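Engineer: after the sequence you'll find the predicted model.
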Amino acid sequence: MMSLLKNRKGMDYSAFLVIVVFIVCIYLFVQLSSKINVFALSVGDQELALMNAYGEGDKLLLFVDQSAKYAVFDSVRELASNGGFAPGSEPCGSVGPVGVVVSKHSFWVKEGKKCYSDVNVYDSFDSVLSGNLNSFLLNSPFSVFKNNFEFVVDDSKVMGIAVKPVLIPVLVSPENRLSFSSILVRVADEFGVAGTGVYAVRPSFSVDAQTLLDNYELVQDQVDVLLDCVKTGSLDACVKSSNSDDFKWAYQQVTGSSVFVFAVRLNKFVDPFSKDPVYIKFALHLPGVRVQ
């Protein structure tokens, strides 16, 4: 009889324990259901969005690096073609194309005035480079401010750094954007980009390039010598005497005028992309000069 009673108490305890566990499970289910919004976002979604933004920033830096390389060498050629002046800033205007002159040449000497005297070729190069870099960066996947780079140019390198940062949006997956709607609005109002945040990047670049900007002063000095030379000698002989290992001179006369256009080849400049030679082109007004 005692054994039966003990078994009966054990069965009652087991039944009670089952009921308690059942009640606890129901309670937990109710609590979890009320907090189900905690799991509305995928685990790691925001972290993945930030990593993607970092990746886009790296792509932007690579894009700027490559754009700068093309822009630097394009600018060296463009500046030389325009006589060392930024387009539109020629102090004495230009001549051509006309007759045998197939391209425009900026005046270096006109009506006795030396037009290059007060022009800083480094400032001109900065202006041309900024314009060319702007053109390349129009194809960037992110908005880069125009004329946003400061440049440093030395004998063998051109460096630049952005003044204002480029803002890259931090984007969560499309199905979760509704959960961040209020944040998206605030970020758009403050930064002008749609995202849960922004990753700010200040692109910079360094291009190995011999721009040879100091050569302009050397060529200008040779023009001064040429102007003295033609007072007593022929233009042809004076030009030939200007040739050297650094420069090769060529000229043509504009038909029916006292204007001569020059192309001075920079022998030591190497463009790794086009491989084409670069010429400093300019025009001289030389009334009464003897050609031969």
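Structural biologist: Happy to help now that I have it.

Engineer: pretty sure residue 59 is touching residue 141, no?
Structural biologist: Yes. Residue 59 is in contact with residue 141 according to CB atoms under 8 Å; the separation is 7.4 Å. (C-beta placed from N, C-alpha, C; glycine too.)

Engineer: ranges for the helices of this structure?
Structural biologist: Defined through DSSP state H, the helices belonging to the chain, from first to last, are 2-34, 45-81, 121-137, 181-191, 214-229, 235-240.

Engineer: okay, those helices in JSON lines with mean pLDDT next?
Structural biologist: Rendered in JSON lines, the data for these read as follows (pLDDT from 0 to 100):
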{"stretch": "helix 2-34", "mean pLDDT": "60"}
{"stretch": "helix 45-81", "mean pLDDT": "90"}
{"stretch": "helix 121-137", "mean pLDDT": "96"}
{"stretch": "helix 181-191", "mean pLDDT": "74"}
{"stretch": "helix 214-229", "mean pLDDT": "95"}
{"stretch": "helix 235-240", "mean pLDDT": "95"}
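
Engineer: ok, which of the ones you listed comes nearest residue 274?
Structural biologist: The closest of the helices of the chain to residue 274 is helix 45-81. By CB to CB, the value is 7.5 Å.

Engineer: may I see the buried residues of the closest one?
Structural biologist: By neighbour count with 16 or more other CB atoms under 10 Å, helix 45-81 contains the buried residues 46, 49, 52-53, 56-57, 60-61, 63-64, 67-69, 71-81.

Engineer: point out the other elements, helices or strands, that it touches.
Structural biologist: Here helix 45-81 touches helix 121-137, strand 157-162, strand 166-170, strand 197-201, strand 204-208, strand 279-285, going by 3 or more CB pairs under 8 Å, 6 or more residues apart in numbering; DSSP states H and E.

Engineer: hang on, residue 199 packs against residue 54?
Structural biologist: Yes. Taking CB under 8 Å as the definition, residue 199 is a contact partner of residue 54 at 6.6 Å.

Engineer: what about the stretch 151-292 of the chain, any weak spots by pLDDT?
Structural biologist: Counting by pLDDT under 70, the stretch 151-292 of the chain contains low-confidence ranges at 173-180.

Engineer: please redo it, this time with the cut-off set to 90
Structural biologist: The model of the stretch 151-292 of the chain has pLDDT under 90 over residues 154-156, 167-200, 210, 255-256, 268-276, 292.

Engineer: picking up where we left off before, of all the helices of the chain, which one is nearest residue 168?
Structural biologist: Of all the helices of the chain, it is helix 45-81 that lies closest to residue 168, at 5.1 Å by CB to CB.

Engineer: how far does the closest one sit from its chain's centre?
Structural biologist: The offset between the C-alpha centroid of helix 45-81 and the centroid of the whole chain comes to 6 Å, using CA atoms, centre = their mean, to the nearest Å.

Engineer: stretch 146-157 now?
Structural biologist: For stretch 146-157 - counting by CA atoms, centre = their mean - the centre lies 10 Å from the chain centre.

Engineer: now that stretch: buried residues?
Structural biologist: Of all the residues in stretch 146-157, those buried under the rule 16+ other CB under 10 Å are 148, 149, 151, 153.

Engineer: what does that stretch rub up against?
Structural biologist: Contacts to stretch 146-157, defined as CB atoms under 8 Å, 6 or more residues apart in numbering, come from residues 122, 125-126, 129-130, 133-134, 158-164, 206-211, 213-214.

Engineer: check stretch 260-271 too.
Structural biologist: Contacts with stretch 260-271, where a contact means CB under 8 Å, 6+ apart, come from 73, 76-77, 80, 95-96, 101, 105, 210, 212, 215, 219, 235, 239, 245-254, 277-284, 286, 289.

Engineer: same thing but at 6 Å, please
Structural biologist: Residues outside stretch 260-271 that contact it (CB atoms under 6 Å, 6 or more residues apart in numbering): 73, 101, 105, 212, 215, 219, 246-253, 277-284, 286.

Engineer: which residues does residue 90 contact?
Structural biologist: Residue 90 makes contact with residue 106 under the criterion CB under 6 Å, 6+ apart.

Engineer: actually residue 279, not the one I typed
Structural biologist: For residue 279, the contacting residues are 263, 265, by CB under 6 Å, 6+ apart.

Engineer: ok, residue 52 next?
Structural biologist: If a contact means CB under 6 Å, 6+ apart, then residue 52 has no contacts.

Engineer: measure it to residue 263 for me?
Structural biologist: From residue 52 across to residue 263, the span is 51 Å (CB to CB, to the nearest Å).
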